[in-house]
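Engineer: What follows is a predicted protein model with its sequence.
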Amino acid sequence: MARKKDRNQDDHDMITVPGRLERLRANFDEVAANDPTAVTIDTDDRTPGELADIITRHLTEPST
């Protein structure tokens, strides 16, 4: 979030509303655990371009 230049109300609430970030993370963890197509991507310290490259690589990998 520190590098994000277009913060909005949802971003603000995610950080300031007690429990909001934890609930969001728990939701993502649950989806990842139950969806065999889910891919967890570490976004920390990544630029938008780097994230796009990572996502593109995942999308172009053959399915198993």
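Structural biologist: Ah, there it is.
Engineer: Pull the residues that contact the longest helix seen in the chain.
Structural biologist: Counting residues, the longest helix in the chain under DSSP state H turns out to be helix 20-34. Outside of helix 20-34, the residues within contact range by CB atoms under 8 Å, 6 or more residues apart in numbering are D13, M14, I15, A38, T40. The way it works is simple: take the backbone N, C-alpha and C, and place the C-beta from them, glycine included.
Engineer: Tell me, how many residues neighbour E61?
Structural biologist: 9 (other CB atoms under 10 Å).
Engineer: Next up, phi/psi of it, please.
Structural biologist: Main-chain torsions, E61, degrees, to the nearest 10: phi -70, psi 140.
Engineer: Over to P36?
Structural biologist: Here P36 shows phi and psi, under degrees, to the nearest 10, equal to phi -70, psi -10.
Engineer: and if you look at N8?
Structural biologist: According to degrees, to the nearest 10, N8 has phi -130, psi -170.
Engineer: and it, how many neighbours does it have?
Structural biologist: 9.
Engineer: With L21 instead?
Structural biologist: 14.
Engineer: got it, and I55?
Structural biologist: Neighbours of I55 under the rule other CB under 10 Å: 12.
Engineer: Name the helix or strand for it, please.
Structural biologist: Assigned by DSSP states H and E, I55 falls within helix 48-60.
Engineer: re earlier: pLDDT averaged over the longest helix of the chain, what's the number?
Structural biologist: In this model, helix 20-34 has a mean pLDDT of 91.
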